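>>> Based on what follows, work out the 3D shape:
(chains A and B, ligands or ions: 3)
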Amino acid sequence: MTRDDWYRHDRLPHIYCSGCGNGSIINCVLEAVSDIGWNIDETVFISGIGCSSRAPGYIQTDSLHTTHGRAIAFATGVKLANPDLHIVIFTGDGDLGAIGGNHFIHACRRNIDLTVICINNYIYGMTGGQGSPLTPYGKKSTTTPYGACEMPFDLCNLAVAAGANYVSRWTSYHVTELTKAVTAGLLTEGFSFIEVISQCPTSYGRRNSLREVSDQILYLKNNAVLHQRWKRMQEKGEDLSSDQFVVGEFIRQSRPSMGVSR
Amino acid sequence: MMKLFIDETRCKGCNICTMVCPYSIFTPGDTPNRRGIYVPVLDRPERCTNCRLTYLYGRQLCGVCSMICPDQAISWIADEPYSARCVVIEY
Ligand code: SF4
Ligand code: SF4
Ligand code: SF4
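Ligands and ions are numbered 1, 2, ... in the order given. This is a model prediction of the structure:
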């Protein structure tokens, strides 16, 4: 099977805006599941609410489009009811970081055998670009018109601290690395968390002087700092600039996990 | 041989593909199609690594354009070898 067999071609083209990163990320995730060779009947995609969470609607498998922030709670139920199913969750920065924040940290703590793909476009895209808990400091959104005055969450550090077994961050530009990370996450027993920073030209880019899709792609490309390089920078006492962010694999461990079929 | 193919019913003209191909095969289009979308045009697509070598290696090569296209518009279709352009001898 190839990636194409996982799509619901009758539902394409999807409703995402031109140049939205969500489509590329779905490609990478489906490439990873078809590479591993999972069955359409044994895989379930679950999502909350938001642009990112529309993804399962374009995929052939069984899926649940749940209430806002509750994707992980529903997924926990599905996994515990039938541990043989492979479960992948699509969620967004607002859905996971704000509304579903508590589900997220407790799923990491319990280390349930799920894979969470968090598409971070820095804002609530579907509802018109309101600031989320991941809007970077000083960046504009409809609810932070003079620039966000709060510090954002770092979901990857949060997941590591809460006990997830696999944590990495990539962007929608780094498709090859992202596919490898998703594959590793899917194959890791226990909770896997992959944050994907994505371009949202419609609601984020145009308010933050990244008017063209290409501007935002270049922004992702130029500001991603590899985890190893960030470590070397720390040793030298250097700091990231306000636009830079760390990408790479943050942790891969094997804490005892829940819901693994044996 | 394989042939690159952009599905015009899916492409939304975001031009991301023009930024990623190592051979710059995709170039921004300059005429809108029926839906008002500027679909990229292919510049000598037979240079594509995947088109040339996929049968030889028996797997997909490169493929970055198809992977990053957010609208699932880029794919390859089987094609007859285009002999006229297989070898170009320059003096
Ligand atoms: S609003 Fe942003 S995230 Fe939502 S579909 Fe449009 S570009 Fe994508
Ligand atoms: S990346 Fe895809 S949707 Fe965007 S211009 Fe290229 S073919 Fe069209
Ligand atoms: S597969 Fe690679 S070489 Fe071929 S057109 Fe796509 S990006 Fe270019």
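
>>> Which residues of the stretch 101-250 of chain A lie near ligand 1?
A:121, A:125-126, A:200-203 (Cβ under 6 Å from any ligand atom). Just so you know, the C-beta spots here come from the backbone N, C-alpha and C atoms, and that holds for glycine as well.

>>> Surely residue B:31 and residue B:37 touch.
No: judged on Cβ atoms under 8 Å, residue B:31 makes no contact with residue B:37 at a distance of 10.2 Å.

>>> Show the contacting residues for the closest residue to residue B:12 other than its chain neighbours.
With Cβ to Cβ, 6 or more residues apart in numbering or on different chains as the criterion, residue B:12 has its nearest non-adjacent residue at 3.7 Å, and that residue is residue A:18. If you count contacts by Cβ atoms under 8 Å, 6 or more residues apart in numbering or on different chains, residue A:18 has them with A:201, A:213, B:12-14, B:71.

>>> try 7 Å this time
Residues near residue A:18 by Cβ atoms under 7 Å, 6 or more residues apart in numbering or on different chains: B:12-14.

>>> which among those residues end up buried?
Buried subset of these (neighbour count, 16 or more other Cβ atoms under 10 Å in any protein chain shown): B:12-14.

>>> of the residues you listed, list those near ligand 2.
Answer for the buried ones among the contacts of residue A:18 near ligand 2 (Cβ under 6 Å from any ligand atom): B:12-14.

>>> and the worst-scoring helix or strand of chain B on mean pLDDT, what does it pack onto?
Every helix and strand in chain B was compared by mean pLDDT, DSSP states H and E; the lowest is helix B:49-57, with a mean of 83. On a contact count with 3 or more Cβ pairs under 7 Å, 6 or more residues apart in numbering or on different chains; DSSP states H and E, helix B:49-57 meets strand B:2-6.

>>> ok, 8 Å please
strand B:2-6, strand B:74-78 (3 or more Cβ pairs under 8 Å, 6 or more residues apart in numbering or on different chains; DSSP states H and E).

>>> Between helix B:49-57 and the last one, find me the angle.
Regarding strand B:74-78 and helix B:49-57, their directions subtend 50 degrees when assessed with axes from the mean of the first three to the mean of the last three Cα atoms, to 10 degrees.

>>> For the closest residue to chain A within chain B, which non-adjacent residue is closest in space?
Using Cβ to the nearest Cβ, residue B:70 is the residue of chain B that sits closest to chain A, at 2.9 Å. Computed as Cβ to Cβ, 6+ apart, the closest residue to residue B:70 that is not its neighbour in sequence is residue A:23, at 2.9 Å.

>>> now stretch B:78-91: mean pLDDT?
For stretch B:78-91, the mean pLDDT works out to 62.

>>> Could you confirm residue A:156 falls within a helix?
Yes: counting by DSSP: H, G, I helix; E, B strand; the rest coil, residue A:156 falls inside a helix.

>>> Please verify my assumption that it contacts residue A:169.
Yes: under the contact definition of Cβ under 8 Å, residue A:156 touches residue A:169, with a separation of 5.0 Å.

>>> shared neighbours, the two?
Common neighbours of residue A:156 and residue A:169, using Cβ under 8 Å, 6+ apart, are A:195, A:246, A:250.

>>> Now do the same contact list for the first one.
Spelled out, that is residue A:195. A:118, A:120, A:155-156, A:168-170.

>>> Residue A:207: which of those residues is nearest?
Nearest to residue A:207 among the contacts of residue A:195, counting by Cβ to Cβ, is residue A:120 at 16.3 Å.

>>> can you pull out the helices in chain A?
In chain A, the helices defined using DSSP state H lie at A:22-36, A:71-81, A:93-94, A:101-110, A:155-162, A:175-187, A:213-223, A:227-235.
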